[in-house]
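Participant: 3D, please:
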Amino acid sequence: MKWTLQQLQIAKHKPFIFDETIDLSDLKEQNAEVRNVSPIRVQGELTYSGQLLTFHLHITGELTLPCSRTLVDVLFPIDLQVTEQFRPENAYHISQEEKEEAIVIEGDTVDLTPAIKEYILLEIPLQVYAEDQVNPEAPPSGNGWEIITEEDQEKRVDPRLADLAKFFDDKK
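Facilitator: Next comes the predicted model:
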């Protein structure tokens, strides 16, 4: 999502409105938890105030993430309302606060893609759980272990203490 500053000059006179769908499948390389990325829809409007460009964005899409319990794929919806500001390198008449919050435009193009990627990556939760737990896909047992409930657990005697158990049986 790149535009030249000359293309964005329209926003000084009338609203610059856009609606684009972008492919951000390279998010899988930036975050190992992301298994798949649907096409991301970005709707927005640009307002121009002085030399400050303000983008009001609505970002929607879906990520496929692993369930924290079962590792099954979980669709995680993305629906963000974001405001991002850009300013030219040589901007003047901008307050110190606006300078610190605004992204500096290098060259003569504005690229929203890195900012959109950053917002999506920040939206990913630490843990995601699948809603359907009826058929868990995690293995119920493995090499030297198995999942059991307390009711299923047998009262086993530690083999190291087996002889001690016999000692108490003889006393009765």
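
Participant: Give me the residue at the spatial middle of this structure.
Facilitator: Here the mean C-alpha position of the chain is nearest to the C-alpha of residue 124 (C-alpha atoms, centre = their mean), at a distance of 2.4 Å.

Participant: Can you name the next helix or strand after the helix-or-strand element of the chain with minimal mean pLDDT?
Facilitator: Lowest mean confidence among the helices and strands of the chain (mean pLDDT, DSSP states H and E): helix 96-101, at a mean of 58. Using DSSP states H and E, the helix or strand that follows helix 96-101 in sequence is strand 103-105.

Participant: what pairs with the helix or strand following that next one, and is each one parallel or antiparallel?
Facilitator: Later in the chain than strand 103-105, the nearest helix or strand by DSSP H and E is strand 109-111. According to DSSP bridges, strand 109-111 forms sheet pairs with strand 2-4 (antiparallel).

Participant: For the partner strand, give me every contacting residue.
Facilitator: 108-113 (C-beta atoms under 8 Å, 6 or more residues apart in numbering). Every C-beta, even on glycine, is put in place using the N, C-alpha and C of the backbone.
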